[in-house]
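>>> Coordinates for the following, if possible.
(chains A and B)
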Amino acid sequence: MFLVLLFGLLALSLKPFAPLERALDLAFVPTRVLVELASPLGWLRAAEVRAAERELFASDAAARERAERVLAAEQRAALPSRPELCAGRRRVHGEVVRRGREGLDRVIVRLATTDGVEPGMPVTAGDVFVGRVARVEPGAAREVTVDLVTAADFFVGAVQEEPEPAGHEPCRAVVGGLAPRAQGERAIHLALHNPSRRPALGARVVVREPDLPGLLEADRWSKLADGFELGTVAALDVGGQSELLRLRPRLDYEAGLSQVVVLAGAARGAPAQELAIDTFERANWLAARALTAGDVTAARSGRRISAGALHGVRAGAAVAFGSRLIGVVAHAGWVASDVQHLDDAGLRLAALARFDGDAPPRAVGEIVSTGRRRADGALEFLWEARVALDDLGPGELAAELFTGSGREGVPRGLAIGTTSLPRGIGTHPIAVRPEPGAERPRHLAVWLGAARAAAGEERP
Amino acid sequence: MSSRSRALAWLLVLVWFVWILAFQGWLARGAGFGRLTPDLGSVFLVSLAGTLARRDVLLAALVAALARKSLSIDPAAAILFGMLALGGVAHALRSVVEIGGPFWRTLLSCAGAVGFSLWLQLVRAARHGSTGLELEPGALAWSAVASALVALALGGFLVRLPGLSPLRRTAW
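This is a model prediction of the structure:
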């Protein structure tokens, strides 16, 4: 009997099974009371914690304002910049909230409105083509599922935009799906199918859907995507004299999608419908208290908090102090939750970078925590850059990191810290300097927004 | 021995476990021991296992798991498995050797600290992927040595903490 129990726990530990974990959580409900027995140890550092809270609170209004400016700039950058890409198109702004259950080639996007949005409508980010609306999700969450151009069964008409020698027919092709990678290559490329002639290397390729009479009902919105960029032509040497032509995209489709726009039919002169920035709305947060100062071992960095599933907390929810991200809920028990701090190795975040100068903020993809540097207390992350930041100037780029979109439960715009980002493609270790004392506060807030949206509640 | 005094003793075992683990957490962070912190929870469990009646060893492991989960963000199932496994090994060894003695108590505490730490690392890798998780054999070895030293020096003291006498066995 004992061995069966052990085997069951072994399996449950390695492969979580939600109903059994919920049952086990019930048995561990008394831990919410037991943890209070250890509170006298917390009193030793109470003055230090209060001082850190006061200091962070004093600078929070300015930090919040800065974050809102960054988010507004990011939203503006998601809109097409060239007037010809705006003309005659109704633009509905949206935010990627999570990956679809079907795989990496589908994302779920929360829109400013789903009125008039239909399957087949193009989805873009800035001047770049992203994919098409696959379906409008039922419910009040204003969500749509978007098929990305990276899907194997996705095809879009394309044309080489430049350079084009005078008198030549532009090179036409079909783009869709991922091109093969070289051994060890990390960056992704889009597949280029059936080019009418060899395109110039480095040339920009944009969407140009064919003018076919009697377009299918599902394709009637396809022409709205004309002119949006797909990538630049690159060649992969496949041995001998052969090469494979493919497109180097400007977006990291795997982890760097953040703000997008649905081109929702024709409209004249109407402004884009933008999503409200609701990160700092009080109603989206639940107040909670830290029950512990940290974990019992130095191998973990995190704490337990006084709110659980019964209060609406879900795994993956952001935990913050004001506008600063403190951590993410790793597991929500019934009446208490486990929070991973930013320096808990393995924590994954979608990051948004604000660079010095005039460059708009950019979603830089996923960063994975590897711990904290002993020498100066900087947070260490691994950042997989799939798209180069060459256009932002030479050398390493000083950047302020915020949470980005794409991780359910973590709203965009929470401050992580400052860092320097390398410009090239590859996996880079980066050191992020958080606000001093940011991990100390006891009075915290847990993000409830996503859970409410999933439940179909209207936000205030 | 009345069942009321036993129940009270078990309650005190739970309280001692929580305080000992909270102290371990303070050593790890507040006192700056970091990864060199001894696993006081395992030491206390092994020490108790050597002195409790054999039928009580697994119950002590359950209590240890409850106390540890109160202060830890590791999954409840993983903590429960780790503590029950350590308790199970101690329970099995009791029929062969005197684990209450300094040698076996030290050896078992050292092995328990290493095994538990490796187990939790494995669970994290299985649940979240191994990116960013690196095993530090040096830190693990120091933690094991620290656990062994604490078991050797303080193991005998830990089982004499106030309120535990109703649970101590009186004969082999």
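>>> can I assume A:Leu12 is in contact with A:Ala23?
No. With contacts defined as Cβ atoms under 8 Å, A:Leu12 does not count as touching A:Ala23, sitting 10.0 Å away. C-beta here means a position set from N, CA and C on the backbone, and glycine is covered the same way.
>>> between the two, who's got more neighbours?
A:Leu12 (20 against 11; other Cβ atoms under 10 Å in any protein chain shown).
>>> show me the residues around the more buried one that make contact.
Applying Cβ atoms under 8 Å, 6 or more residues apart in numbering or on different chains, one finds that A:Leu12 lies in contact with A:20-21, A:24, B:77.
>>> How about B:Cys110?
B:144-145, B:147-148, B:151.
>>> Which entries within these meet the buried criterion?
Among the contacts of B:Cys110, those buried by neighbour count (16 or more other Cβ atoms under 10 Å in any protein chain shown) are B:144, B:147-148, B:151.
>>> What about those, which are in helices?
B:144, B:147-148, B:151 (DSSP state H).
>>> Nearest to chain A among these?
Sorting those by distance to chain A puts B:Ser147 at the head of the list, at 11.6 Å, by Cβ to the nearest Cβ.
>>> what's near enough to touch that closest one?
With Cβ under 8 Å, 6+ apart, B:Ser147 has these contacts: B:38-40, B:42-43, B:109-110, B:112-113.
>>> With A:Glu439 instead?
Applying Cβ under 8 Å, 6+ apart to A:Glu439 gives the contacts A:326, A:341-343.
>>> Any stretches of chain B with poor pLDDT?
Along chain B, the parts satisfying pLDDT under 70 run over B:1, B:130-133, B:169-172.
>>> Okay, and the most centrally placed residue in chain B sits in which element?
Against the mean C-alpha coordinate of chain B, by Cα atoms, centre = their mean, the closest residue is B:Ser42 at 1.8 Å. B:Ser42 belongs to helix B:40-49 when assigned by DSSP states H and E.
>>> Tell me the helix or strand right after the stretch of helix or strand A:Ala61 belongs to.
Secondary-structure assignment from DSSP H and E places A:Ala61 in helix A:60-78. From helix A:60-78 onward toward the C-terminus, using DSSP H and E, the following helix or strand is helix A:83-86.
>>> can I get the buried ones among the contacts of B:Cys110 in JSON lines with distance to A:Leu347?
Written out in JSON lines, the entries for the buried ones among the contacts of B:Cys110 read as follows (distance: Cβ to Cβ, whole Å):
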{"residue": "B:Ala144", "distance to A:Leu347": "27"}
{"residue": "B:Ser147", "distance to A:Leu347": "27"}
{"residue": "B:Ala148", "distance to A:Leu347": "32"}
{"residue": "B:Ala151", "distance to A:Leu347": "33"}
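>>> what's around the residue lying closest to A:Arg304 once chain neighbours are set aside, how many residues?
Excluding the flanking residues, the one nearest A:Arg304 by Cβ to Cβ, 6 or more residues apart in numbering or on different chains is A:Leu291, at 4.4 Å. Other residues within reach of A:Leu291 by the criterion other Cβ under 10 Å amount to 24.
>>> how about low-confidence regions in the stretch 101-250 of chain A?
Along the stretch 101-250 of chain A, the model assigns pLDDT under 70 to residues A:162-167, A:213-218, A:240.
>>> Could I get the contacting residues of the residue nearest to A:Thr145 when sequence neighbours are not counted?
Nearest in space to A:Thr145, with sequence neighbours left out and distances taken as Cβ to Cβ, 6+ apart, is A:Ala134 at 4.6 Å. Applying Cβ under 8 Å, 6+ apart, we find A:Ala134 in contact with A:106, A:119, A:144-147.
>>> A:Ala134: which element?
Following DSSP H and E, the helix or strand that holds A:Ala134 is strand A:128-136.
>>> Tell me how far the residue nearest to A:Arg304 lies from B:Ile73.
The spacing between A:Leu291 and B:Ile73, counted by Cβ to Cβ, to the nearest Å, is 11 Å.
>>> got it, and A:Phe155?
Looking at A:Phe155 against B:Ile73, where the rule is Cβ to Cβ, the gap reads 46 Å.
>>> Compare the two (neighbour count), which wins?
When neighbours are counted by other Cβ under 10 Å, A:Phe155 and B:Ile73 differ, and B:Ile73 comes out ahead with 26 against 14.
>>> Look up how far chain A lies from the more buried one.
Using Cβ to the nearest Cβ, to the nearest Å, one obtains 4 Å as the distance from B:Ile73 to chain A.
>>> Phi and psi next, for that residue.
Backbone dihedrals for B:Ile73, given as degrees, to the nearest 10, come out at phi -100, psi 0.
>>> circling back: buried subset of the contacts of A:Ala134, written for ChimeraX?
Buried members of the contacts of A:Ala134 can be picked out in ChimeraX with the line below, counting by 16+ other Cβ under 10 Å:
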select /A:106,144,145,146,147
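>>> tell me the two of the contacts of A:Ala134 that are most distant?
A:Arg106 and A:Pro119 (12.9 Å; Cβ to Cβ).
>>> A:Val117 is in contact with A:Arg132, correct?
No. Contact criterion Cβ under 8 Å: A:Arg132 and A:Val117 do not qualify, at 11.3 Å.
>>> So between these two, which is more surrounded?
When A:Arg132 and A:Val117 are compared for neighbours, A:Arg132 comes out ahead with 24 against 21, by other Cβ under 10 Å.
>>> tell me which residues form a beta bridge with the more buried one?
Partner residues in beta bridges with A:Arg132, using DSSP bridges, are A:Pro122, A:Asp147.
>>> Would you mind measuring from it to A:Val206?
16 Å.
>>> now swap in A:Pro19 and tell me
50 Å.
>>> More neighbours: these two, which one.
Neighbour count, other Cβ under 10 Å: between A:Pro19 and A:Val206, A:Val206 has more, with 21 against 7.
>>> Helix, strand or coil: sort out that one for me.
Secondary structure for A:Val206, judged by DSSP: H, G, I helix; E, B strand; the rest coil, is strand.
>>> Report the contact partners of A:Ala38.
Contact criterion Cβ under 8 Å, 6+ apart gives A:292, B:18-19, B:21-22, B:25, B:70-71 as the residues in contact with A:Ala38.
>>> Looks to me like it is in a helix.
Yes. Counting by three-state DSSP, A:Ala38 falls inside a helix.
>>> Is A:Leu24 in contact with B:Ala76, as I believe?
Yes. Using Cβ under 8 Å, A:Leu24 and B:Ala76 qualify as a contacting pair, with a distance of 5.2 Å.
>>> ok, those two, which is more surrounded?
B:Ala76 (24 against 18).
>>> dump the residue contacts of the more buried one.
Residues in contact with B:Ala76, defined by Cβ under 8 Å, 6+ apart, are A:21, A:24-25, A:27-28, A:333, B:65, B:69.
>>> ok, and does the one helix or strand B:Arg6 maps to reach over to chain A?
If you go by DSSP H and E, B:Arg6 is part of helix B:3-29. Yes. Part of helix B:3-29 sits close enough to chain A to count as contact by Cβ under 8 Å from any Cβ of the partner chain, namely B:14-15, B:18-19, B:21-26, B:28-29.
>>> what packs against that helix?
Other helices and strands packing on helix B:3-29, by 3 or more Cβ pairs under 8 Å, 6 or more residues apart in numbering or on different chains; DSSP states H and E, are helix A:39-43, helix B:40-49, helix B:57-71.
>>> circling back: anything in contact with each of A:Leu291 and B:Ile73?
Common neighbours of A:Leu291 and B:Ile73, using Cβ under 8 Å, 6+ apart, are A:303-304.
>>> Hmm, B:Val150 and B:Thr106 touching each other?
No. Look at B:Thr106 against B:Val150 with Cβ under 8 Å: they stay out of range, at 9.1 Å.
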